[in-house]
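*Asks:* Test case, fold it:
(chains A and B)
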Amino acid sequence: MSRAGRRAVDAHAADGVRGSRGGGRGGGRAGVLRTVVRFEFVRAVRKPAFWIGTLALPLVVVVVSLLVGVGQAAGTDSASSSAAAARTPFHYVDHSGLVSASVAAEWGGSPSEDPAADRAAVRAGTLDLFVEYPRTPSSAPIRLQGADRGLFENGGYATLAEKVLERSVAASVDDPEAVSLLRSPPDTELTTWSDGREAPGWLSIVPPFLYVVAFFGLVVLLATRMVTVVVEEKENRISEMVLTTVTAGQLIRGKVVAMLLVGLVQVGVVVVPGLVVALVALPLVAPRLGGLTVDPWRMVVGALLLVGGVLLASGLFVAVGAAVPSIKDASTLQSAAIFALVVPLYAAFFVATTPTSPVAAFFTWFPTFTPITAMVRNAVGTLSVAESVGAVVEVFVVAAVLLWAAEHLFRHSVAQYGSKVTLRQVLAMRPGRRGR
Amino acid sequence: MSGAAIDVRDLVVRFGDRTVVDGLTFAVAPGETFGLLGSNGSGKTTTIRALLGITTPTSGTLTIDGQPFRPATGGVGYLPEERGLYRKESVLDVMTYFGVLRGLGRAEATAWSTGFLERVDLGDRAKVRVDRLSGGQQQKVQLGITIMDRPRLLVLDEPTKGLDPVNRRLLLDLVDERKADGATVVLVTHHMDEVERLCDRILLLKDGRAAAYGSVPDVQDAFGGAVAEVALDGPVPPSPLYRLVRHEGHVAHLAPTAAAAPDGSDVLAALVAAGAHVTGFAMRRVPLDEVFVQVYGHGAGTEAEAAA
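*Replies:* Residues are numbered from 1 along each chain as shown, chains lettered A, B, ... in the order given. Modelled structure (predicted):
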């Protein structure tokens, strides 16, 4: 025993540390809650693994974007090389009378003198391409026989045959506008009206749809973390020490709040750089974003659904953690909980396009499906005002019920080491004197 | 008991069809050191869990200082039998966290923890993760957490289990200090020497019921009163005047039978007459471990640990 240590402990005793003889602990309920939140939050965010996991997602997005960009640039070169390959000499037969010999010659074509021999030459590999233009190209296909150049390069044969026909037809037309229209179809610009106001276009889906992405990301990021912190006291067999210091209710509420804050940090890490990039890029792409309108109603509904949905998901994950003795035992239930929340994504297109169908109604109002389904329908504008209000209310009510039930389950199971909570135990649970 | 630090009346705890505690009544006076004894599965831990609100009792009343226990009230330090801490956090962080929860300021909790760790020879381990400590070191940290706010009631469930003799003594010294400070101590242990050294009164639980309850001398008297502690070389000769209780090394404990004089003179005379080489003789109260064996039989301690 060191003297310094002894002095420190004795001095503490001599000073008459308040201890808990009066006034309770931790500055009251709010103080205890704050202490639990701080402890859980700080130890989560100061681990290197947290930052590695958090930064990995945006990093992967950036890397993938760069790779796609590089790939697209390479694709341009590839297209050029395809065009060059298309000028390979070929033989053709024209039953339509539309193909110009001079145009065909420009692309390497020459009329076939013996179609059967040319087909045989292609099969033998001595001729690259033989083209047979039908009598009516508008209704019958152009038939091509070509030497195999691989799945992607073979597409160049069709392009070549179409180009020759297109250029031949254009050469027979005097009007430059007609020629231009033949080469590329005209653009259209549609303006629709609803209740006397211009209706939003396709791009209006993007802002409220970001809530769906955020919800999905939060569910994936929060699931393991939430279950782990809830099961931790049981797994480490520390529940009894903790529960003589704080109530089970204070403990679980502190953990939930802390994990939600951790989720906010994770979202912030992704969103903040995203916003910076958006602000920098906006002037550059602004002319292309004419249809990108932000509907305040949809944004508010989406935000409420996101908050309620995250609380609902938290209730599910806390219940999973409360029901199992260790994180190892949680995997099956945790996967089921994640599935119950994100499965509507698979039906999202159907629900969005057939909002009045019974299936859409089921997905919209089934408690764990509501957040994503309602967010998707809100994004595409098929969620009426009444349905929006109903969905938001439902999500918050279900979240409250789930959190209450999860806390109840946690209180009764937190000191139960090494065994799962059975359905019989759940049914036998009654409000007792367990700390609130 | 009026003004009792702990008052338990008619406590019944059932898990399904199984009755773990069956109508238990006892009280612990303020400032008293109370031993709660029993074989594995006899209901000790369940009784404590019910007292501290961790297990919901089937019936009965349990109070600490006249009130049902609430964590917010504080004043109770509990070292449970299950050893565990937040394993991936540093020792100092864990101690400070519990200190703040127990009503200390953050700086105060850190300072106290640092001093305590120095005292228990863990000063250089303050910043180390808990899971890097040995079981005994973790146990010392747990005890520190239990006493850091100077609780008026200490409940220690097998506090010295797994400790080497040096650390066992250190831990008992710390308990002694709390006792000297006026704290009430409830000690759950299988070490009868600890009970004899520390406890004023004891309760022996068997199958969830009180098998013996009272001061240590009263319980000893109730279970055979005195034994002769004999120092001798060689075996103990048989005699109708005594029964051999234990013989370890050169010391034997002999329980006088009804035919012997209460002062043990007949026992000594019989030993000498039988040719035993007696080098020491004294009459003592029957040791508590002998009482334990009498109550629970020779199978005590080997029963399967009940779920409770």
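*Asks:* which ones are touching the closest residue to chain A within the stretch 151-300 of chain B?
*Replies:* Across the stretch 151-300 of chain B, no residue is closer to chain A than residue B:152, which sits at 6.1 Å (Cβ to the nearest Cβ). (Each C-beta comes from the backbone N, C-alpha and C, glycine too.) Contacts for residue B:152 (Cβ atoms under 8 Å, 6 or more residues apart in numbering or on different chains) come out as A:19, A:21, B:5, B:30, B:65, B:75-76, B:182-184.
*Asks:* ok, these vs residue A:214, which is closest?
*Replies:* Nearest to residue A:214 out of those is residue B:76 (Cβ to Cβ; 44.3 Å).
*Asks:* That closest one contacts residue B:150, doesn't it?
*Replies:* No. Using Cβ atoms under 8 Å, residue B:76 is not in contact with residue B:150, being 11.5 Å away.
*Asks:* quick one on the thing from earlier: which of the contacts of residue B:152 scores worst on pLDDT?
*Replies:* Among the contacts of residue B:152, residue A:21 carries the lowest pLDDT, at 36.
*Asks:* ok, then the element right after the helix or strand hosting residue B:218?
*Replies:* Using DSSP states H and E, residue B:218 sits in helix B:216-222. Proceeding N to C from helix B:216-222, the next assigned helix or strand is strand B:226-233, under DSSP H and E.
*Asks:* Partner strands of the helix or strand just after that next one and their direction?
*Replies:* With elements assigned by DSSP H and E, the helix or strand that comes after strand B:226-233 is strand B:242-248. Here strand B:242-248 is paired, per DSSP bridges, with strand B:251-256 (antiparallel).
*Asks:* Now for residue 90: which residues touch it?
*Replies:* No chain was given, so I picked chain A. By Cβ under 8 Å, 6+ apart, residue A:90 lies in contact with A:107-110, A:127-131, A:160.
*Asks:* You answered for a different chain; I wanted chain B.
*Replies:* Residues near residue B:90 by Cβ under 8 Å, 6+ apart: B:126-130.
*Asks:* secondary structure element for the residue of the stretch 251-400 of chain A found nearest chain B?
*Replies:* Proximity of the stretch 251-400 of chain A to chain B (Cβ to the nearest Cβ) peaks at residue A:251, 9.5 Å away. For residue A:251, the enclosing helix or strand under DSSP H and E is helix A:248-285.
*Asks:* so what does that helix touch, helix or strand wise?
*Replies:* helix A:28-45, helix A:48-86, helix A:206-235, helix A:296-323, helix A:385-413 (3 or more Cβ pairs under 8 Å, 6 or more residues apart in numbering or on different chains; DSSP states H and E).
*Asks:* Any residues of the stretch 201-350 of chain A in contact with chain B? List them.
*Replies:* Within reach of chain B by Cβ under 8 Å from any Cβ of the partner chain, the stretch 201-350 of chain A has these residues: A:232, A:236-241, A:243-247, A:250.
*Asks:* Tell me which two of the residues you listed sit farthest apart.
*Replies:* By the measure Cβ to Cβ, A:237 and A:250 form the most distant pair in these, at 19.8 Å.
*Asks:* the helices in the stretch 151-300 of chain B, which residues?
*Replies:* With DSSP state H, counting those that start in this stretch as the criterion, the stretch 151-300 of chain B has helices at B:165-180, B:192-198, B:216-222, B:265-273, B:288-296.
*Asks:* Look at residue 32 and say how many residues are nearby.
*Replies:* Because you didn't say which chain, this covers chain A. 26 (other Cβ atoms under 10 Å in any protein chain shown).
*Asks:* meant chain B actually
*Replies:* Counted with other Cβ under 10 Å, residues neighbouring residue B:32 total 19.
*Asks:* cool, and the one 4 residues further on?
*Replies:* Using other Cβ under 10 Å as the criterion, residue B:36 is surrounded by 25 other residues.
*Asks:* Could you list the domains of the chain?
*Replies:* You didn't say which chain, so I picked chain A. Domain ranges of chain A: A:87-183, A:201-281+A:292-428, per automatic domain parsing.
*Asks:* not what I meant, chain B
*Replies:* The record's domain parsing of chain B by automatic domain parsing lists B:6-220, B:226-285.
*Asks:* Quick test: name the residue nearest the centre of chain A.
*Replies:* residue A:213 (4.0 Å; Cα atoms, centre = their mean).
*Asks:* For that one, which residues are in contact?
*Replies:* For residue A:213, the contact set (Cβ under 8 Å, 6+ apart) is empty.
*Asks:* Any regions of the stretch 201-350 of chain A where pLDDT drops low?
*Replies:* Within the stretch 201-350 of chain A, the segments meeting pLDDT under 70 span A:201, A:278-279, A:282-292.
*Asks:* try it again with 90
*Replies:* For the stretch 201-350 of chain A, applying pLDDT under 90 flags the ranges A:201-210, A:213-214, A:217-218, A:220-226, A:228-253, A:263-298, A:319, A:321-333, A:347-350.
*Asks:* if we can go back for a sec, out of the contacts of residue B:152, which are inside strands?
*Replies:* Cross-referencing the contacts of residue B:152 against strands under DSSP state E gives B:76, B:184.
*Asks:* and the contacts of residue B:152, which are buried?
*Replies:* With burial judged by 16 or more other Cβ atoms under 10 Å in any protein chain shown, the buried subset of the contacts of residue B:152 is A:19, B:5, B:65, B:75-76, B:183-184.
*Asks:* need the residues you listed in JSON lines with distance to residue B:101, can you?
*Replies:* Listed next are these as JSON lines, based on distance: Cβ to Cβ, whole Å:
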{"residue": "A:19", "distance to residue B:101": "13"}
{"residue": "B:5", "distance to residue B:101": "22"}
{"residue": "B:65", "distance to residue B:101": "20"}
{"residue": "B:75", "distance to residue B:101": "13"}
{"residue": "B:76", "distance to residue B:101": "13"}
{"residue": "B:183", "distance to residue B:101": "19"}
{"residue": "B:184", "distance to residue B:101": "21"}
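*Asks:* Show me which of those is closest to residue B:160.
*Replies:* residue B:183 (17.6 Å).
*Asks:* How about the contacts made by the residue of the stretch 251-400 of chain A closest to chain B?
*Replies:* A:36, A:233, A:242-243, A:410, A:414.
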